[in-house]
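J.: Show me how the following folds:
(one chain, ligands or ions: 2)
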Amino acid sequence: MTNDTLARILDKAALDAQPVAQLSLTHTFDENTAYAIQEELLACRYERGEQFVGIKLGFTSEAKMKQMGVNDLIWGRLTNRMLIENGGTLSLSDFCHPRVEPELCFLTKKDIDRELSLDEAHEYIEAVAPALEIIDSRYKDFKFSLEDVIADNCSSAAFVVGEWHDAVPDLSHLTIELIVNHKVVESDTSAAILGNPWLSVCHASRLAAKYGQEFPAGSYLMAGAATGAVYLQAGDLVKARVRLLGEAGFSVE
Ligand code: 0L1
Ligand code: MG
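T.: Ligands and ions are numbered 1, 2, ... in the order given. This is a model prediction of the structure:
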C-alpha cells in the first residue's frame, strides 16, 4: 500500500471516530516512512480546508521515552480545526477514546527555519499559556508501535489554550495540575517537560527543520505533557491549572 492509502485509513478512522488495527500489524515501515504517512494524513485535512497552526511534541518525559524504548521525541502537526476555545465544549462522539493531559503552549514570535539554541529560544517566543491537549489514538485499545503513533500524527486530536502571558526565562518551577470535576487528578511541575519547557522550543525547531515543516510566526507550540493523561467521560469539566499562568478548560458532552 502507498503512504497515501495508509494515511487515508487513519483519516477515515478519525472522521468516523472508529479505531482501526495498528498499521504495523500488517505493514513494515520505519520512522521516516511514518513521518511521510503523517504528512499525507495532514494533506487529507488540508484538502478539507484545515490549516496548519502549529506543532505538538510527545514523549517529552524520560520515563515515557524509556517506556517506549526510544531516545528521541516525537512530534505532530496541529490544525485550526483541532483548537477548542478556552471554556468551550468537546463532543465525545467526535473521538475514538480521547484522553487529556495538561501542558504549556508557546506562541511563536518569528518564523523558525532552523534548530534554535536554548539562548536563542526566548527571542522567538511571544508568549506562554496554560493548555490542555486531547490525545486520541486512531488505533484500537490505544495501542501502537512508535512508527504507528508517528503515522497517526502522534495521537493529536484537539487542544485548548488559556490566556497568554509573557514567557519569563524560568518556566521550570510551575506546578501544573489536571483538574477533572473540581478534583486534582494529576499534578507535577513544569520541570517534568524535558527538565525545562524552553527545551521544547529547541526540539520543535530542530524537528520542524529536519522534516521540512514551515513553522511561521504566530504558530502554537504545545510543549509536551507534564503528567499522565486521563480518559474523558461525558459530563466532565476539565481544567489545567498552572501556577502564575492561570487556567485553561473545557467541558465534555
Ligand atoms: O502528546 C503526547 O505526549 C502523546 C504522544 C502520543 C503517544 C500517546 O498517544 O500517548
Ligand atoms: Mg501531549
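J.: The one helix or strand in the chain whose mean pLDDT sits lowest packs against which elements?
T.: In the chain, no helix or strand scores lower on mean pLDDT, DSSP states H and E than helix 62-68, which sits at a mean of 71. Helices and strands touching helix 62-68, as assessed by 3 or more CB pairs under 8 Å, 6 or more residues apart in numbering; DSSP states H and E, are absent. Bear in mind the C-beta positions are built from the backbone N, C-alpha and C, glycine included.
J.: quick one: buried residues of that helix?
T.: The neighbour-count check on helix 62-68 (16 or more other CB atoms under 10 Å) flags K64, M65 as buried.
J.: Give me the helices and strands touching the biggest helix by length in the chain, please.
T.: In the chain, assigned by DSSP state H, the helix with the most residues is helix 31-47. When contacts are defined as 3+ CB pairs under 8 Å, 6+ apart, helix 31-47 packs onto helix 3-16, strand 74-79, helix 146-151.
J.: Could you confirm whether the last one reaches ligand 2?
T.: No. With CB under 5 Å from the ion as the criterion, ligand 2 is not reached by helix 146-151; the gap is at least 11.4 Å.
J.: who touches that helix?
T.: Identification of contacts with helix 146-151 by CB atoms under 8 Å, 6 or more residues apart in numbering yields 6-7, 10, 22-24, 29-31, 33-35, 37-38, 41, 58, 68-70, 74, 76, 137, 139, 155.
J.: Check the first one too.
T.: The contact list for helix 3-16 (CB under 8 Å, 6+ apart) reads 19-20, 23, 27, 29, 33, 36-41, 43-45, 96, 136, 138, 151-153, 157.
J.: In ChimeraX, select just the buried ones from those residues.
T.: To isolate the buried members of the contacts of helix 3-16 in ChimeraX, using 16+ other CB under 10 Å:
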select :19,20,23,29,33,36,37,38,39,40,41,44,45,96,136,138,151,152,153,157
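J.: if we can go back for a sec, dump the helices and strands packed on helix 31-47 to JSON lines, plus mean pLDDT.
T.: Output for those, formatted as JSON lines (pLDDT from 0 to 100):
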{"stretch": "helix 3-16", "mean pLDDT": "98"}
{"stretch": "strand 74-79", "mean pLDDT": "98"}
{"stretch": "helix 146-151", "mean pLDDT": "96"}
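J.: Out of these, the one nearest K210 is which?
T.: Closest to K210 of the helices and strands packed on helix 31-47 is strand 74-79 (CB to CB; 9.5 Å).
J.: starting at the chain centroid, how far to that closest one?
T.: Chain-centre distance of strand 74-79: 6 Å, with CA atoms, centre = their mean, to the nearest Å.
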